[in-house]
Every structure is written in C-alpha cells, then in structure tokens.
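>>> Would you be able to build a 3D model of this:
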Amino acid sequence: MTLPEEHKYRCSLQLNYPTEENAQCVCNALIVDEELHAEKVTKILSTEGCQLQVEFAACDARMLRVSVNSFFDMTALATKTLDAF
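You can find the predicted model right below:
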C-alpha cells in the first residue's frame, strides 16, 4: 500500500520495543483497526526488527492530528496489555 498523493499532510513514527516479537504483536493488534474516515486518512503499519513503523497521510491537518492521537491511545493500550503478560 502506498500513501495517496492528494493527502498532503504526513507523519512518520518509529516506536522501539524490547523484542521483535513485541513489535510484531503490537503491529498485529493495531493493523486491524481501520480508520473511521478512510477516504481522508491513510495509515500504513509495518515492523522492522524491534521497531514498529507507522506512516500517516491525511487530507488536512485536523484529520492527521485526530488519527495520530487515536493511534497513540490504541498503542498505549496494546503496549500495557503486552506488558501485563
């Protein structure tokens, strides 16, 4: 999947985890969460070693902010759940 050209507002994040397995578990938990406004925001998740990589593209700054904020909330929950085990 590639980011749409018309979505001019972008954000790239790299989150480090202790192990490659942890990064993959969090990625698998978050990848099923579809964007509420898929026509306005695109999100690509992947892992590289112990790192979770995320790219966002949105049609405006507000949609990008909302999407990234929601992603951080879900990532915090997934990470806390992983830490519990």
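>>> How much space separates Val26 from Ala57?
Remark: distance between Val26 and Ala57 (CB to CB, to the nearest Å) = 21 Å. Using the backbone N, CA and C atoms, a C-beta is placed for each residue, glycine as well.
>>> Go through the lengthiest helix in the chain and flag the buried ones.
The longest helix of the chain (DSSP state H) is helix 61-84. Going by neighbour count (16 or more other CB atoms under 10 Å), the buried part of helix 61-84 is 63-64, 66-68, 71, 75, 78-79, 82.
>>> cool, and stretch 28-36?
Buried-residue list, stretch 28-36, by 16+ other CB under 10 Å: 29-30, 35.
>>> Please narrow those to those residing in helices.
Using DSSP H, those in helices are 29-30.
>>> mind checking which helix or strand the most centrally placed residue in the chain is in?
Closest to where the C-alpha atoms of the chain average out (CA atoms, centre = their mean) is Val54, at 4.5 Å. Assigned by DSSP states H and E, Val54 belongs to strand 51-58.
>>> From the chain's centroid, how far away is that strand?
5 Å (CA atoms, centre = their mean, to the nearest Å).
>>> start at 582 instead
Fine by me, first position is 582 from now on; the one you just mentioned is strand 632-639.
>>> quick one, that strand and helix 642-665 angle?
In terms of direction (axes from the mean of the first three to the mean of the last three CA atoms, to 10 degrees), strand 632-639 departs from helix 642-665 by 160 degrees.
>>> Quick one: list the elements packing against strand 632-639.
Counting by 3 or more CB pairs under 8 Å, 6 or more residues apart in numbering; DSSP states H and E, the packing neighbours recorded for strand 632-639 are strand 590-597, helix 601-612, strand 622-629, helix 642-665.
>>> Could you dump these into TSV with mean pLDDT and distance to Thr583 added?
Formatted as TSV, the helices and strands packed on strand 632-639 follow (pLDDT from 0 to 100; distance: least, CB to CB, whole Å):
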stretch	mean pLDDT	distance to Thr583
strand 590-597	96	12
helix 601-612	95	16
strand 622-629	95	8
helix 642-665	93	17
